[in-house]
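>>> please find the sequence and the predicted model below.
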Amino acid sequence: MDFELKTLTLAAARAVRCDLLVLCVGEDFAPGQDALSALAAMALQRGDCKRTPGASLQCYAPPGVTARRVVLLGVGDGGAASVRKAVLALAPLLKSAGVAQLALVFASEAPPQAVGAAVQALSEASYVYTTTKSKPEPRSLKRVVLGVPQARPVRGAFDTAVAVVAGVEFAREWANRPANHATPTLLGEAARSLARLPRVRCKVHGPAQVARLGMGALMAVAQGSSEPLRFIELHYEGAARTQAPVVLVGKGITFDAGGISLKQPAGMDEMKYDMGGAASVLGAFRALAALQPAINVVGLIPSCENLPDGRAVKPGDVVTSLSGQTIEILNTDAEGRLVLCDALAYAARFKPAAVVDMATLTGACVIALGAVRSALFSTDDALAAQLLAAGEAALDPCWRMPLDDAYAEGLKSAYADVANVAGRPAGAVTAAKFLQRFAGKAPWAHLDIAGTAWKTGSAKGATGRPVPLLVHYLLATAAGAGAARTSGARKRTRSAP
Ligand code: BES
Ligand code: MN
Ligand code: ZN
């Protein structure tokens, strides 16, 4: 989908050629002398058009307006959340066949966050999955012109949102694919395809290399499947080699049947989404390649299937992780933490500035926070604050959860250094406590996205979360690092003789 940002008065919007012109009518909308204003003024006066977010009125274009149809869309206070809600309410229309070219026009001053929200919501509302359909009906919406009173002040937010959309759609595509169309091998190829983009490199480790490295926990999960595992390593090099990277780690279980601790059949198909964390790493790299920020980022994806089999790992088995710590696998369905712990240990070799892992890790997280906020766990207050702020700015929010040591009591094992499960209480927290043991010295955060990475029910499908959060976090980090470099340079100049 193509997005274009334009400075447009309502008088100029009159001449935009498109199938559908959406005019945002917020609380501060004041009609001018043009044809669109006249239409909106009349509809408001007669009560057919409302300013509440999501309220909409479809009309034929009045004389003098080039668009085929016009929708008057209520956007309330005109803030990001209201604009998002309003655009999403148009989803059925945006998915309909007749709308290939769309113009979305802000009649009054558009805050940058609202422009970003509009771009993200237009993508979200018009997305269709087609890959495994024999007669696909592809997305009809091809081109969007975003009209604002002044383009310059919102250009940055617009560019960020367009890159976020590319990342989110990449993540949704891979997470939506059925497990037989998104194997660890295929995920590795998807990562390799990203390495064609500027400043992106990729290395994909197979079973032999992973064995040589000593990733015993990842290997234990993978051994129940005949699909070979992959350990995917992505690099985005946007800053000097000397600058410590941010490491993103994504759980890449392409199907989670639970292993010998087999899951119930109802809804098990949804465990194809258990690589949502991995998809978000791929999506974040897609966005980085588009934005080219001055930062270094490493992406790590431990990927395999979790299946029951004659060779599968068994409850009670003890394995040695890359960190050297031994793990008693009491429940083979707690596999995410096993593949992640080896990736977290591997992350240390990059001497990272920060490590952030994303995982559809626990059903308990869905119970705690539902589909609204991802769970954020961090031992570092500054990193937690950055991720919380990024989530709010990106409309991809998370909520901080505790990491008291008392939560780790249940992970004690008589046969190994640690067990992979504790009891049922606080299941999302005990999973995070397990990961914390492997998280090294760098500031670390864990996002449990079990409730947010996909939607269940009639609207079943991947969301692409937390790509927006990650992109906003990485951009803020790049800007911060840039500022630090400049002030450092200034200091050096001042102290020079
Ligand atoms: N992938 C699941 C977590 C999950 C379950 C995400 C349902 C979204 C919806 C994970 O591997 C898992 O099975 N976790 C277990 C852990 C338990 C055995 C300690 C769970 O949450 O039941
Ligand atoms: Mn599981
Ligand atoms: Zn899982």
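Great, that's in hand. Ligands and ions are numbered 1, 2, ... in the order given.
>>> how close does residue 176 sit to residue 169?
10 Å (CB to CB, to the nearest Å). All C-beta spots, glycine's among them, are computed from the backbone N, C-alpha and C.
>>> what touches both of those two?
Counting by CB atoms under 8 Å, 6 or more residues apart in numbering, residue 176 and residue 169 have no common neighbour.
>>> can you list phi and psi of the residue in the stretch 301-450 of the chain that ligand 2 sits nearest to for me?
Using CB to the ion, the closest approach of the stretch 301-450 of the chain to ligand 2 is made by residue 333 at 3.9 Å. Per-residue torsions, residue 333: phi -80, psi -10 (degrees, to the nearest 10).
>>> and the strands in the stretch 251-400 of the chain?
Ranges of strands in the stretch 251-400 of the chain, per DSSP state E, counting those that start in this stretch, are 252-256, 296-306, 317-320, 326-329, 354-359, 374-378, 398-400.
>>> hang on, the earlier thing: now the residue of the stretch 301-450 of the chain closest to ligand 2, nearest residue through space, not along the chain?
With sequence-adjacent residues excluded and distances taken as CB to CB, 6 or more residues apart in numbering, residue 333 is closest to residue 258, at 3.9 Å.
>>> from ligand 1, how far out is that neighbour?
6 Å (CB to the nearest ligand atom, to the nearest Å).
>>> who are the contact partners of that residue?
By CB under 8 Å, 6+ apart, the neighbours of residue 258 are 306, 308, 332-333.
>>> I'd like those as a markdown table, with neighbour count appended.
Below are those laid out as a markdown table (neighbours: other CB atoms under 10 Å):
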| residue | neighbour count |
| --- | --- |
| 306 | 29 |
| 308 | 17 |
| 332 | 27 |
| 333 | 20 |
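>>> now those residues in CSV, with pLDDT and distance to ligand 1?
Putting these into CSV (pLDDT from 0 to 100; distance: CB to the nearest ligand atom, whole Å) gives the following:
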residue, pLDDT, distance to ligand 1
306, 99, 7
308, 98, 13
332, 99, 8
333, 99, 4
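>>> ok so, going back, of all the strands of the stretch 251-400 of the chain, which one comes closest to ligand 3?
strand 252-256 (3.7 Å).
>>> listing partners with orientation, what would you give for the closest one?
strand 296-306 (parallel) (DSSP bridges).
>>> the strand it pairs with and ligand 3 in contact?
No: judged by CB under 5 Å from the ion, strand 296-306 stays clear of ligand 3, getting no closer than 6.3 Å.
>>> got the angle between that strand and strand 354-359?
30 degrees (axes from the mean of the first three to the mean of the last three CA atoms, to 10 degrees).
>>> quickly check: strand 296-306 near ligand 2 or not.
No: for strand 296-306, no contact with ligand 2 is found by CB under 5 Å from the ion; the gap never falls below 5.9 Å.
>>> check the contacts of residue 258 and tell me the two furthest apart.
308 and 333 (10.3 Å; CB to CB).
>>> what sits in contact with each of these two?
With CB under 8 Å, 6+ apart, residue 308 and residue 333 have common neighbours 258-259, 262.
>>> ok, the residues you listed vs ligand 2, which is closest?
Distances from ligand 2 to the shared contacts of residue 308 and residue 333, taken as CB to the ion, are shortest for residue 258 (5.4 Å).
>>> ok, then the element right after whichever strand or helix holds residue 81?
For residue 81, the element it lies in under DSSP states H and E is helix 80-89. Using DSSP H and E, the next helix or strand after helix 80-89 towards the C-terminus is helix 91-95.
>>> name the helices or strands packed onto that following helix?
With contacts defined as 3 or more CB pairs under 8 Å, 6 or more residues apart in numbering; DSSP states H and E, helix 91-95 has these neighbours: helix 112-126.
>>> avg pLDDT for the helix it packs on?
Average pLDDT, helix 112-126: 98.
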